[in-house]
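Just a sequence and a predicted model for now, questions to come.
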Amino acid sequence: MTSPTHQGESTVAVLYVAFELSQKDWLLTMSTGPGAPRQRAHVRPGDRAALGPVLAAAKARGGLPLDAPVRSCCEAGRDGFWPHRCVTQLGVENLVVDSSSIEVPRRARRAKTDRLDGEKLLRLLLRYWSGERDVWQVVHVPSVAAEDARHASRSLTTLQGERTRYRNRIHSLLALQGVRLRVDARLPERLALARDWANAPVPPGVQARVLETWRLWQAVEAERRARRTAEQQAVRRADTPVRQQAQRLAQLQGIAARTATVLAEELFSRDLCNRRQVGALTGFVSAPYQSGARHQDQGLARSGLPAVKRIGVEIAWAWVRFQPASALTQWYQRRFGTGGAVARRIGIVALARRVIIALWRYATTGVRPAGALLKS
């Protein structure tokens, strides 16, 4: 819907630029307005020395003064936010947009080229500055410090996944021989004495591969433990606002330092204004389908932060176990506790969204969830 409060912005003498990013070059599609001719140029990625003259030449061809403002946009992708920081250093007002929110034709086969994509981005950019602020979703760009602070937590998540992958590979290799062994520091000793399904020693090729994977597992496990210890110490120190939020969350029963860190760094550190924004970022939002007399629930929307979605249901189950007297747990028991396993699994998703919203209020305002208990 068009907002009348922004109608005057489209009449300002502005150069509009759409960046189509790639590894080899950036395609700039430029114009001074909806009916003005299009200008295109190619520059090397991050070449600020070339971007300045290209923008100045586009202003001259469009009849704009050299000090005219520049408004641009680019899609969020693999390059992250460094292209945004690169162009903003030149005084450009840039928007980073979610590519999944860009409207596209619904035809089965549609033409797609960098030229067409640049033209599409430019048209949406002009509509956005004309007042249609809902043509796409603008991504909030974090500061360099906030973005860098998340790497420690994400590294621990990666290490946990690698540890599980190596352990499953060892179990799979042994299962091919009919052998079951515990994966720990004494695995080589047990492997040398193990017998396969025919009561014969494990073949040497299998032993060599298992030991190779076990050494990789040991290295990952040692690094994971070090990272986990460092994370717990950082929560105790609480030397930053985000870690202070994590420390406050970790005081609740059922919330460990790992869970508190992920929620504080990935979710609560963003400038969220209300519970709807928090709930949307959890990914636990239904996608209804209503057309005429047909009403259907398509399940959860494929959105939200992956790190929060991974632990959201775990938080809910832990909350039910360790906070039985809280109002949220009692609500869950009344609605879904008397149902079957399917009903409880459906209800735990709804509880996860409510619990995360309640934890957001507690971390940001100090309002403890009703009936929640603190650790001794």
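Ah, there it is.

in the chain, what spans have low per-residue confidence?
Within the chain, the ranges that satisfy pLDDT under 70 run 1-12.

Which residue ranges of it form helices?
Under the criterion DSSP state H, the chain contains helices at 48-61, 82-88, 114-129, 144-175, 187-193, 204-237, 241-250, 257-263, 275-282, 306-322, 327-332, 341-365.

Point out the most buried one among those.
A comparison of these by mean neighbour count, using mean count of other C-beta atoms under 10 Å, puts helix 257-263 on top with a mean of 22. The C-beta positions use only the backbone N, C-alpha and C, and glycine is treated the same way.

Would you mind extracting the C-alpha trace of that one into PDB?
C-alpha atoms of helix 257-263 as PDB (Å, rounded to 0.1, in the frame of the first residue of the first chain):
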ATOM      1  CA  ALA A 257      24.900 -20.800  29.000                       C
ATOM      2  CA  ARG A 258      24.900 -22.200  25.500                       C
ATOM      3  CA  THR A 259      21.200 -21.500  24.900                       C
ATOM      4  CA  ALA A 260      21.500 -18.000  26.500                       C
ATOM      5  CA  THR A 261      24.500 -17.100  24.300                       C
ATOM      6  CA  VAL A 262      22.700 -18.100  21.100                       C
ATOM      7  CA  LEU A 263      19.500 -16.200  22.000                       C
END
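
Next, format the helices of the chain as CSV and append distance to A13.
As requested, these are exported to CSV (distance: least, C-beta to C-beta, whole Å):
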stretch, distance to A13
helix 48-61, 9
helix 82-88, 19
helix 114-129, 13
helix 144-175, 32
helix 187-193, 71
helix 204-237, 50
helix 241-250, 41
helix 257-263, 46
helix 275-282, 35
helix 306-322, 42
helix 327-332, 54
helix 341-365, 41
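
contacts for stretch 242-254?
Under the contact criterion C-beta atoms under 8 Å, 6 or more residues apart in numbering, stretch 242-254 has outside partners 146, 149, 234-238, 255-257, 259-261, 263-265, 268-269, 315, 318-319, 321-323, 359, 362-364, 366, 368-369, 372-375.

Same check on stretch 92-106?
Contacts with stretch 92-106, where a contact means C-beta under 8 Å, 6+ apart, come from 17, 55, 69-77, 81, 84, 87-88, 110, 120-121, 124-125, 128, 135-139, 141, 303.

same deal with stretch 180-191?
167, 170-171, 174, 194, 202, 207, 210-211, 214, 217-218.

tally of neighbours for the residue nearest to H171 when sequence neighbours are not counted?
In space, and not counting its chain neighbours, H171 is closest to V183: 7.2 Å by C-beta to C-beta, 6 or more residues apart in numbering. Number of residues near V183 (other C-beta atoms under 10 Å) recorded here: 21.
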